[in-house]
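Asks: Return a 3D structure for these sequence lines:
(2 chains)
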Amino acid sequence: MFCDISQMTLGISLGVALIGLMGEVVRVEVDIADGLPGYFLLGLPDAALTESRERVRSAIVNCSQPWPNRKVTVSLSPAWLPKRGSGFDVPIAIALLSAQGLLPQERISETIFIGELGLDGDIRGVGGVLPSLIQAFKAGITRAVVPQANAVEAQLLTEMEIIPTGHLRDLLSWLCTGEPNSFPTQSCKIDEESPIFDFSEVAGQHLARTAAEVAAVGGHHMLMIGPPGAGKTMIAQRLPSILPKLSRQNSLEVAAIHSLSGDFNHRSPLSQEPPFVSPHHTATRVAMVGGGSHSIRPGACSLAHHGVLFIDEAPECGVGVLDVLRQPLESGIVTIARAIGNVTYPARFILLLAANPCPCGKFTGRGRNCTCSSQQVRRYLAKLSGPLLDRIDIRTQVEPVGRVEILDSQLSESSAVIAARVSAARSRSQDRFLHELWKLNCDIPGRALRTTYQLDTKAMAFLHTELDRENITARGLHKVMRLSWSIADLESHLRPTLEDAKRAYLLREGNQL
Amino acid sequence: MARNSLHLSNQSLGAFGEEIVALELKSRGAQILDRNWRIKEGEIDLVVQLPNGVIAIVEVKTRSTLAFGHPLESITQKKSQRLQRLALAWLVTHHRFGDLYQIDCAAVVVDQFGKHTIDYRSDVL
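Replies: Next up is the predicted model:
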């Protein structure tokens, strides 16, 4: 008559805890012991994870599996690592059933489980699946069970065996039989969507178009100054369309970051288009670089990794918002420190700033229509700090479009034509930097510019004269040299000529602030 | 009100469950020391001396259906703390303070035909 509850039982499954893009494989251990019925979750769970108890219980019961009316202890090891989110529901449920001896062990070990459980046993998608799998793969695990909703991004990691599941019942039958029943296999094809925006729609703006092209070749940051309606935003939106497509490695990095922020609504995980992120100018500093107290989420500059970060109306940004970009601009990474730990996100992007010349926006040409006082005009662009502007290679004027250019728009080049030139130029620079640590012209270090990557003698003489006349600073000289290399790549010159240097000088210093 | 065909009220259902557990423990060689010991703070259902000499304070939970969950799930943190206090109070009152003791819980489920199962858990708190 007395139930036999003396035997001790233990179940183990694997999950992943993420801190930023880094993570650790977590052993989910479930012990069912004698004692009053209870559920104890150990290992620094957050609120969503603590609630897993009720989800897991309902899901197990509703899949007609037994719930142990005994003391259940769930330990997420390593215990010091804070864990968050609902992605541990599935590993907890599997470990719990395996602790009751209901599941064969062979397919549970060496498999990562990720997913949130619905009360009916439905397995739902969670954020951060791709970075979790990358970390698991680095830890030597080659098989993963993921929610159906995350199957597409998970299959980017072709090195791993991915088992998408939509329901706990399907998962249990796979664990028991090894038959992948009712898993529709999705083909992992790369999206070939064409960009919506095309450069042929931009009327005139010869100088700004060239500037954008050079920026795309060398990864140079760019500032556009012009009156409202001249086409600054149009040009910015079309910059991704002339950038080279992302390589597999790069698109994986981009997809991992976007997976963390959970915004695949705007961007397919398989997309090879460089991301285009344009935060509103009311964005906070944290929104720009990332942060948060519970989980450290990537900010705009990390979402724009390998793509374009466009800030319209840059002088309207709050105090210090643009200046937080100074560090990532220099290093290509952002390290955010919070109480729960330090997180490093990659942030290698092309910064694109657009600004009106003055508060009323009409201070162009002779500035006749401008209603601002001279002090207002001076103060307006001074909101862009010196150190930030110093890091921006290209400063270009976007002039108002006249009648002639509007009529001329039929003759504008399309993005495809420009993109072909850009990618040819990029491949030239990549060949050149084959044995170097950097890949783009904007990253050539100053030392290398003075030794291996000098311009030709006439060009150097020209730039040194400008330096002597104090028309450019030493840092400005380096910026012009890097730009010259990009222009030379476009013109397929082996070494930048005097002509290239002059054009570069114009792009950098053409608009004296 | 016919909650089951035995027509037991909640009180008599509880008494029935305690009786079953007492009989079962007796048949296993335990000696009943006290039943339904009641003070202001609450009540102890059963106090027995087990064959190994340990005094067991037994809380019996009886249900006629599992529809509202396992009977032992109704023992909350607060109730278990009260059980601890009651156990000590019993030991002190009966000059047994210092003896080995444990707190046991028994879940009795009586179905509508009068058949019952006992889920007995030793030394749970």
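
Asks: how about the residues of chain B near chain A?
Replies: Applying Cβ under 8 Å from any Cβ of the partner chain, we find that chain B lies next to chain A at B:24, B:70, B:72-73, B:75, B:80, B:105, B:117-122, B:124-125. In this view, the C-beta of every residue, glycine as well, is placed from N, C-alpha and C.

Asks: ok, now with 6 Å
Replies: Residues of chain B that fall close to chain A, judged by Cβ under 6 Å from any Cβ of the partner chain: B:70, B:72-73, B:75, B:118-120, B:124.

Asks: Now, of those residues, which are buried?
Replies: By neighbour count, with 16 or more other Cβ atoms under 10 Å in any protein chain shown, those hold B:70, B:72, B:75, B:118-120, B:124 as buried.

Asks: surely residue A:398 meets residue A:226?
Replies: Yes. Applying Cβ atoms under 6 Å, one finds residue A:398 in contact with residue A:226, separated by 3.1 Å.

Asks: who touches both of those two?
Replies: Common neighbours of residue A:398 and residue A:226, using Cβ atoms under 6 Å, 6 or more residues apart in numbering or on different chains, are residue A:232.

Asks: circling back: out of the buried ones among the residues of chain B next to chain A, list just those in strands.
Replies: Counting by DSSP state E, the part of these found in strands is B:118-120.

Asks: Looking at those, which one is closest to residue A:325?
Replies: Closest approach between these and residue A:325, by Cβ to Cβ: residue B:119, at 63.7 Å.

Asks: Give me the pLDDT value at the closest residue to the closest one other than its chain neighbours.
Replies: Spatial nearest neighbour of residue B:119, excluding adjacent residues (Cβ to Cβ, 6 or more residues apart in numbering or on different chains): residue B:107 at 4.1 Å. Note on residue B:107: pLDDT of 91.

Asks: quick one: residue B:107 is in a strand?
Replies: Yes. Counting by DSSP: H, G, I helix; E, B strand; the rest coil, residue B:107 falls inside a strand.

Asks: how far away is the residue of the stretch 251-400 of chain A found nearest chain B from residue A:19?
Replies: Using Cβ to the nearest Cβ, the single residue of the stretch 251-400 of chain A nearest to chain B is residue A:294, 27.2 Å away. Note on residue A:294: its distance to residue A:19, by Cβ to Cβ, to the nearest Å, is 11 Å.

Asks: Is the residue nearest to residue B:119 bridged to anything, and to what?
Replies: Listed beta-bridge partners, residue B:107: residue B:61, residue B:119 (assigned using DSSP bridges).

Asks: How many residues are close by it?
Replies: Neighbour count of residue B:107, defined by other Cβ atoms under 10 Å in any protein chain shown: 27.

Asks: Report the closest residue of chain A relative to chain B.
Replies: Counting by Cβ to the nearest Cβ, chain A gets nearest to chain B through residue A:69 (4.0 Å).

Asks: thought that residue was touching residue B:70?
Replies: Yes. With contact defined as Cβ under 6 Å, residue A:69 reaches residue B:70; the gap is 4.0 Å.

Asks: Give me the common contacts of the two.
Replies: The contact sets of residue A:69 and residue B:70 overlap at residue A:37 (Cβ under 6 Å, 6+ apart).

Asks: so how far is stretch A:392-399 from its chain's centroid?
Replies: Taking the mean of its C-alpha atoms, stretch A:392-399 sits 25 Å from the chain's own mean (Cα atoms, centre = their mean, to the nearest Å).

Asks: Which residues does it contact?
Replies: Residues outside stretch A:392-399 that contact it (Cβ under 6 Å, 6+ apart) are A:207-208, A:211, A:215, A:220-226, A:230, A:232, A:479, A:483, A:507, A:511.

Asks: and the residues of chain B next to chain A as a markdown table, adding distance to residue A:405 and pLDDT?
Replies: Putting those into a markdown table (distance: Cβ to Cβ, whole Å; pLDDT from 0 to 100) gives the following:
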| residue | distance to residue A:405 | pLDDT |
| --- | --- | --- |
| B:70 | 80 | 85 |
| B:72 | 83 | 87 |
| B:73 | 78 | 85 |
| B:75 | 82 | 86 |
| B:118 | 92 | 90 |
| B:119 | 86 | 89 |
| B:120 | 91 | 91 |
| B:124 | 85 | 83 |
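
Asks: Count the residues that sit near residue A:492.
Replies: With neighbours defined by other Cβ under 10 Å, the count for residue A:492 comes to 10.

Asks: What is the least confident helix or strand in chain A?
Replies: Lowest by mean pLDDT, DSSP states H and E among the helices and strands of chain A is helix A:403-408, with a mean of 72.

Asks: State the next helix or strand along the chain beyond that one.
Replies: Per DSSP states H and E, the first helix or strand lying C-terminal to helix A:403-408 is helix A:415-432.

Asks: Okay, and which of the contacts of stretch A:392-399 map to strands?
Replies: A:222-225.

Asks: Selecting buried members of the residues you listed in ChimeraX, what would you type?
Replies: This is how ChimeraX selects the buried members of these, with burial counted by 16+ other Cβ under 10 Å:
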select /A:222,223,224,225
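
Asks: Mind putting the ones in strands among the contacts of stretch A:392-399 into TSV with distance to chain B and pLDDT?
Replies: Converted to TSV, the ones in strands among the contacts of stretch A:392-399 look like this (distance: Cβ to the nearest Cβ, whole Å; pLDDT from 0 to 100):
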residue	distance to chain B	pLDDT
A:222	63	94
A:223	63	93
A:224	64	92
A:225	67	90
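
Asks: Pick the one among the ones in strands among the contacts of stretch A:392-399 closest to residue A:441.
Replies: Closest to residue A:441 out of these is residue A:222 (13.5 Å), distances taken as Cβ to Cβ.

Asks: what's across from that closest one in the sheet?
Replies: Going by DSSP bridges, residue A:222 forms beta bridges with residue A:352, residue A:394.

Asks: could you list every residue that touches it?
Replies: Contacts of residue A:222 (Cβ under 6 Å, 6+ apart): A:215, A:352, A:394.

Asks: Please identify the buried residues of the strand or helix carrying residue A:287?
Replies: Applying DSSP H and E as the criterion places residue A:287 in helix A:285-289. Within helix A:285-289, the residues that count as buried by 16+ other Cβ under 10 Å are A:285, A:287-289.

Asks: Redo those residues as a markdown table? Include pLDDT.
Replies: Putting the buried residues of helix A:285-289 into a markdown table (pLDDT from 0 to 100) gives the following:
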| residue | pLDDT |
| --- | --- |
| A:285 | 92 |
| A:287 | 92 |
| A:288 | 92 |
| A:289 | 92 |
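
Asks: show me which of the residues you listed neighbour chain B.
Replies: Of the buried residues of helix A:285-289, not one also sits near chain B (Cβ under 6 Å from any Cβ).

Asks: of all those residues, which two lie farthest apart?
Replies: Largest separation among these by Cβ to Cβ: A:287 and A:289, giving 8.2 Å.

Asks: Tell me how many other residues surround residue B:68.
Replies: When neighbours are counted by other Cβ under 10 Å, residue B:68 registers 9.

Asks: sec struct for it, please.
Replies: Reduced to three states by three-state DSSP, residue B:68 is coil.

Asks: Run through the residues that contact the residue nearest the centre of chain A.
Replies: Centroid check for chain A by Cα atoms, centre = their mean gives residue A:303 as the closest residue, at 3.1 Å. Residues counted as contacts of residue A:303 (Cβ under 6 Å, 6+ apart) are residue A:277.

Asks: Done for today, thanks.
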